[in-house]
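**Student:** coords please:
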Amino acid sequence: MTAFWVLAPIMVLAALGILFVRKAVHAALLLAVVMISLAVLYAVLEAPFLFAVQIIVYTGAILMLFLFVLMLVGVDASDSTVETIKGQRPLAWLVGLAFVVVMVVGLTQLTFGTAVGLDEANSGGNVQALADLLFSRYVFIFEATSALLITAAVGAMVLAHRERLTPKRTQASIAADKIRAYAETGAHLGPLPPPGVYARHNAVDTPALLPDGSPAPASVSRVLAARGTMQKTGLRDIDVITDQLGVDPAEMPEEAGKAGATASSEEDVK
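**Tutor:** Residues are numbered from 1 along each chain as shown. Modelled structure (predicted):
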């Protein structure tokens, strides 16, 4: 009884906290407090099987699923306050009040029989006694609960499934769209140039240089360009590069692109 009077107020306060806290992460932690306290009560009542199930299945699996969903959705995500169905809030209050009345009336009509000791209840073992109750006295309730769980799983699949409105895009359709966009708007067919090509450094905010020394805006992320953090490269960058290479473009022969200049040993070392 001591464990009950210690854990019961903690469970009630944690359950109320789940209803009134503003952050979903705090609600999940309070739910863990409720589940662990209930598991301890099972252990005190000498029900080791229910104690293990409560810890492994509910606290270890379902609660972790809640936390994973919170991490995927985001703790800052909030639901819309606009009612899509008019009158649902008054209806929810009415249904909740009716549920409370039914619970109070039901609790007042309870009649308790002679208490059975734990030794007599678990005479054949806790797991064996629990299995005997589930598959003999409460077999119909057990099957109804199983059907309810299956219905919930199937309902979630039906609600999450949607028919594809457009055909799935294949590599051929993507290529056709690129060719069509090039014919209509002149959009570049190939991948965008990476940042820093022919520039003095290859930072992500440094645009690549075109052959005439002007920057290529398509080589920098649109987010960086919108923020105004893109580095400005002047026309002098191409002159700096040629000075570093030690080659004067004016003195290069016309066939330099084909024959190429022979690099010196010092240039190879550089």
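
**Student:** which parts of the stretch 101-250 of the chain are helices?
**Tutor:** With DSSP state H, counting those that start in this stretch applied, the stretch 101-250 of the chain shows helices at 118-121, 126-132, 139-160, 171-185, 222-227, 236-245, listed in chain order.

**Student:** quick check: mean pLDDT across the last one?
**Tutor:** Read that as helix 236-245. Helix 236-245 shows a mean pLDDT of 59.

**Student:** kindly report the same for the second one.
**Tutor:** Per-residue pLDDT values over helix 126-132 give a mean of 78.

**Student:** could you do the fifth one as well?
**Tutor:** When pLDDT is averaged over helix 222-227, the result is 74.

**Student:** for the longest one, same thing?
**Tutor:** pLDDT averaged over helix 139-160 equals 85, rounded to a whole number.

**Student:** with stretch 165-176 instead?
**Tutor:** Per-residue scores along stretch 165-176 average to 83.

**Student:** next one: stretch 187-207
**Tutor:** pLDDT averaged over stretch 187-207 gives 66.

**Student:** likewise stretch 21-41?
**Tutor:** 87.

**Student:** got the buried residues for that stretch?
**Tutor:** Buried residues in stretch 21-41, counted by 16 or more other C-beta atoms under 10 Å: 24, 27-41. From N, CA and C alone the C-beta is placed, and that goes for glycine too.

**Student:** need the residues that contact that stretch.
**Tutor:** 3-4, 7, 10-11, 14-15, 17-18, 50-51, 54-55, 58-59, 63, 66-67, 70, 75 (C-beta atoms under 8 Å, 6 or more residues apart in numbering).

**Student:** try it again at 7 Å.
**Tutor:** The contact list for stretch 21-41 (C-beta atoms under 7 Å, 6 or more residues apart in numbering) reads 3-4, 7, 10-11, 14-15, 17-18, 51, 54-55, 58-59, 63, 66-67, 70, 75.

**Student:** tell me the buried residues within those.
**Tutor:** Buried by 16+ other C-beta under 10 Å: 7, 11, 14, 17-18, 51, 54-55, 58-59, 63, 70, out of these.

**Student:** closest to residue 129 out of those residues?
**Tutor:** Distances from residue 129 to those, taken as C-beta to C-beta, are shortest for residue 51 (14.7 Å).

**Student:** secondary structure element for that closest one?
**Tutor:** helix 48-53 (DSSP states H and E).

**Student:** let me know the next secondary structure element after that helix.
**Tutor:** Heading C-terminal from helix 48-53 (DSSP H and E), you reach helix 63-73.

**Student:** that next one packs against which elements?
**Tutor:** The helices and strands touching helix 63-73, judged by 3 or more C-beta pairs under 7 Å, 6 or more residues apart in numbering; DSSP states H and E, are helix 24-44.
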